[in-house]
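Coordinates for the following, if possible.
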Amino acid sequence: MKKLMFATVAMVLLGFAATAQSVEDGVKLLYYRKGQSAKAVLQKAYDGKPKDPITIYWFGQALLLNDDVAGAKSVYQKALQEGINDPWIWVGTAHVELLEKGDINAAKQKFEQAITATTATKGKNKGMEDVNILLAVARANADGDSKIGDPQYGADKAIRAAQVDPTNAEAPYLAGVNYLKMGSEYGGKAVEQFTEATTRNAQRADAYYRIGRVYQSQDNKESMDRYYSKAIEADAAYAPTYLAYFTYYENKDVNVAKEYLDKYVANSDQDCATEYYVANYLFRAGKYQESLQKAQQMEAGACKTYNRVQILYAYNYQRLGDSIKAKDALDKFFTSEAPEKVQAADYGFAADLYIKFPAEQEKAIVYVEKAAELETNPKNKIILYNEAAADLAKVGKFDQQILFLQKAIALKGTAPTESDFYKMAKAASDAVTKDVNYFAKADSICAAYIAAFPDKPQGYTFRVLSAKKADVDSTKGLFVAPILEQNNFYAKDLEKYRKSMFVNYYTLLVYYNDKAKDIAKAVEMTDKMLELYPAAGTEENSFATNTKKALQAVLNKGSKPATSGGAKPAGAKG
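This next block holds a predicted model:
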């Protein structure tokens with residue numbers, strides 16, 4: 001029989017010749033992620049020897065792979081009730097407690113009890129823990145998402161197992177999986193452990209696959225391809241590698257994705273997961289009606305409780321232009337699916353759809369954050385935040401748009417580009433249109449834009465625009481300082497900006513004359529206009545000259561403010 005990928009199995013099954021073959025086969029199927037097949041084989045072994053602790057443990061593991069936490073719990077509890085008080089059962093029970101998010105300290109107590117009970121007390125191995133129990137503990141903590149179990153504890157136990165048995169390949173593999181749960185900063189340690197696993201057993205396709213996943217999360221395609229290829233070379237029957245390739249290409253090259261999907265299906269159990277991916281391919285290929293039909297067949301058959309069918313409905317209905325049906329499907333999905341099984345792409349898609357519904361927009365914002373929390377690739381997070389910002393702009397939530405733009409900039413780890421500042425300044429100006437109380441924030445963004453790019457005009461433009469929007473009736477004079485600042489910039493290129501400067505001074509002229517009642521400052525503005533257009537006979541010179549005469553007459557008489565000395569200059573809006 002082909003050597004097992006679970007390096008511990010040979011040790012685990014010593015002394016259990018009557019059931020060894022079937023349990024060994026079942027554990028091998030677990031390695032290949034063939035949940036239904038593993039369950040069938042281990043169910044048979046369990047039925048034959050229902051009181052054997054190792055058989056019970058692995059049968060429970062098969063149920064867990066099939067997402068049947070309640071079933072595994074029942075199997076382990078039944079063993080305890082029947083007096084099978086064994087370290088393997090204690091570990092299995094604690095594993096379930098972690099998945100149920102129970103008392104982690106109580107679970108650890110069971111783990112330690114199991115380790116202590118199986119530690120050798122005499123002979124040459126005195127003081128040495130049982131490798132297989134250590135690995136079962138590490139496996140329990142490696143299961144689930146980052147909020148389940150204690151991955152540091154699990155990694156420590158796996159590393160200890162590797163020390164006790166220097167030839168065991170499962171130990172460093174499980175250490176690596178636990179490190180991955182601890183966050184991207186532990187990716188290097190995880191790769192080291194996976195590499196050690198392949199050194200101990202060159203057939204560990206799962207370890208090569210895991211390294212490839214790390215590089216995929218870093219957007220390093222060259223290294224991703226190298227390790228996925230090694231996984232396939234080590235064991236072409238290991239299906240997860242093909243699935244990883246399918247999901248990588250599904251939005252890039254649907255034809256290449258289909259090639260890997262076919263290999264994934266050929267090497268997997270024909271279950272709801274494989275049906276889902278086939279339907280997903282049909283959607284990616286633009287065959288929306290066929291994808292819908294596949295989803296309907298799944299829902300009408302054995303996969304009626306497979307929650308991701310609703311995602312298929314949502315994708316297809318949204319692409320077919322029926323946002324209402326798409327939203328209904330998503331509502332069903334989020335109501336029925338366990339939170340730990342929702343993927344980053346699910347939240348991202350939901351956010352993009354829900355933002356279109358006024359009553360769901362706050363939920364959409366929450367989903368963007370959830371998607372970002374699950375996303376491991378920083379570049380994908382940046383894309384996610386920028387797309388969310390664009391969606392928020394479409395529905396007029398400019399303040400939230402700015403927050404997501406800032407999140408995207410922060411993730412880049414570099415100073416904001418001019419494009420970044422432009423997007424934020426425009427959003428800030430738009431936000432002031434909806435709420436003048438946002439002016440202070442908008443002004444600070446524009447000031448930062450000007451400080452970073454003083455030779456670019458847009459920062460000055462948005463600062464003036466924001467001030468005018470916040471002071472619609474011009475009574476506060478919020479735009480005075482920004483306009484003077486803008487004119488100082490314009491003065492560097494009079495040939496290009498002369499007219500714009502003149503219009504700005506006209507705006508200030510009107511403000512000082514009509515609102516501030518400061519005739520002397522109004523006269524000063526006409527002098528600025530004449531400096532720009534000193535030649536007599538031009539429209540601008542005539543306007544400034546006549547207005548100045550009228551204003552001076554008012555000053556001399558001490559009467560009411562004067563009207564302008566001519567028609568409003570071209571381009572003036574004040």
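
in this structure, which helix has the most residues?
Using DSSP state H, we find that the single longest helix of the chain is helix 539-557.

phi, psi of residue 475?
Main-chain dihedrals, residue 475, degrees, to the nearest 10: phi -80, psi -20.

gap between the nearest residue to it once chain neighbours are set aside and residue 152?
Computed as CB to CB, 6 or more residues apart in numbering, the closest residue to residue 475 that is not its neighbour in sequence is residue 515, at 5.5 Å. For the C-beta atoms, the positions are set from N, CA and C on the backbone; glycine is no exception. Distance of residue 515 to residue 152, given as CB to CB, to the nearest Å: 66 Å.

Check residue 444 too.
For residue 444, the distance to residue 152 - CB to CB - is 42 Å.

Any chance you could give me stretch 276-289 in PDB, C-alpha atoms only?
The C-alpha trace of stretch 276-289 is given here as PDB (Å, rounded to 0.1, in the frame of the first residue of the first chain):
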ATOM      1  CA  TYR A 276     -20.800  24.300  -6.200                       C
ATOM      2  CA  TYR A 277     -17.500  24.900  -8.000                       C
ATOM      3  CA  VAL A 278     -18.900  23.600 -11.200                       C
ATOM      4  CA  ALA A 279     -21.800  26.000 -10.900                       C
ATOM      5  CA  ASN A 280     -19.400  28.800 -10.000                       C
ATOM      6  CA  TYR A 281     -17.400  28.100 -13.100                       C
ATOM      7  CA  LEU A 282     -20.500  28.400 -15.200                       C
ATOM      8  CA  PHE A 283     -21.100  31.800 -13.700                       C
ATOM      9  CA  ARG A 284     -17.500  33.000 -14.300                       C
ATOM     10  CA  ALA A 285     -17.900  31.800 -17.900                       C
ATOM     11  CA  GLY A 286     -20.900  34.000 -18.400                       C
ATOM     12  CA  LYS A 287     -23.300  31.100 -18.500                       C
ATOM     13  CA  TYR A 288     -25.700  32.600 -16.000                       C
ATOM     14  CA  GLN A 289     -28.800  30.600 -16.800                       C
END
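
can you list contacts of that stretch?
For stretch 276-289, the surrounding residues in contact (CB atoms under 8 Å, 6 or more residues apart in numbering) are 243, 246, 250-251, 254, 257-258, 261, 264-265, 290-291, 294-295, 298, 303, 306, 308-309, 312, 315-316, 319-320.

Now find how far off-centre that stretch is within its chain.
23 Å (CA atoms, centre = their mean, to the nearest Å).

Repeat that for stretch 99-118.
32 Å.

and if you look at stretch 366-373?
6 Å.

just stretch 385-393 next, same as before
Worked out by CA atoms, centre = their mean, stretch 385-393 lies 14 Å from the chain centre.

which other residues reach it?
348, 351-352, 355, 364-365, 368, 372, 398, 400-402, 404-405, 407-408, 411, 423, 427, 430.

Next: stretch 352-359.
So stretch 352-359 is in contact with 314, 318, 323, 326-327, 330, 360-361, 363-364, 367, 387-388, 391-392, 394-395, going by CB under 8 Å, 6+ apart.

Could you pull up the mean pLDDT of whichever strand or helix holds residue 55?
Assigned by DSSP states H and E, residue 55 falls within helix 53-65. Average pLDDT, helix 53-65: 98.

try stretch 262-275
Here the average pLDDT along stretch 262-275 is 96.

Name the residues of that stretch that are buried.
Across stretch 262-275, burial judged by 16 or more other CB atoms under 10 Å covers 263-265, 267-269, 271-275.

Can you get me a residue count around residue 316?
Residues contacting residue 316 under the criterion other CB atoms under 10 Å number 25.

Could you give the secondary structure assignment for it?
helix (DSSP: H, G, I helix; E, B strand; the rest coil).

And the most centrally placed residue in the chain, which helix or strand is it part of?
Centroid-nearest residue in the chain, with CA atoms, centre = their mean: residue 372, separated by 2.5 Å. Using DSSP H and E, residue 372 sits within helix 361-374.

So which bits of the helix holding residue 55 are buried?
53-65.

so which of those comes closest to residue 41?
residue 62 (8.0 Å; CB to CB).

still on that earlier bit, nearest spatial neighbour of the residue nearest to the centre of the chain, chain-adjacent residues omitted?
residue 381 (5.1 Å).

if we can go back for a sec, and the buried residues of helix 53-65, which two are furthest apart?
The widest separation within these (CB to CB) is 19.1 Å, between 53 and 65.

residues near the closest residue to residue 540 other than its chain neighbours, how many?
Distance criterion CB to CB, 6+ apart; nearest residue to residue 540, sequence neighbours excluded, is residue 533 at 3.9 Å. If you count neighbours by other CB under 10 Å, residue 533 ends up with 20.

Test my guess that residue 533 contacts residue 541.
Yes. The pair residue 533 / residue 541 is scored as a contact, 4.5 Å apart, by CB atoms under 8 Å.

returning to that earlier point: widest-spaced pair of the buried residues of stretch 262-275?
263 and 272 (18.9 Å).

Okay, and which of the buried residues of stretch 262-275 map to strands?
Members of these lying in strands (criterion: DSSP state E): none.

Quick check on the contacts of stretch 276-289: which are buried?
Buried among the contacts of stretch 276-289 (16+ other CB under 10 Å): 243, 246, 250, 254, 257-258, 261, 264-265, 290-291, 294-295, 298, 303, 306, 308-309, 312, 315-316.

Which parts of the stretch 1-150 of the chain are strands?
For the stretch 1-150 of the chain, applying DSSP state E, counting those that start in this stretch gives no strands.

Can you pull out the low-pLDDT segments for it?
1-21 (pLDDT under 70).

Repeat the analysis, applying 80 as the threshold.
1-21, 123-125 (pLDDT under 80).

With the chain instead?
1-21, 123-125, 558-574.

change it to 70
1-21, 558-574.

on that earlier part again, quickly name whichever of the buried residues of helix 53-65 is closest to residue 38.
Nearest member of the buried residues of helix 53-65 to residue 38, counting by CB to CB, is residue 62, at 4.5 Å.
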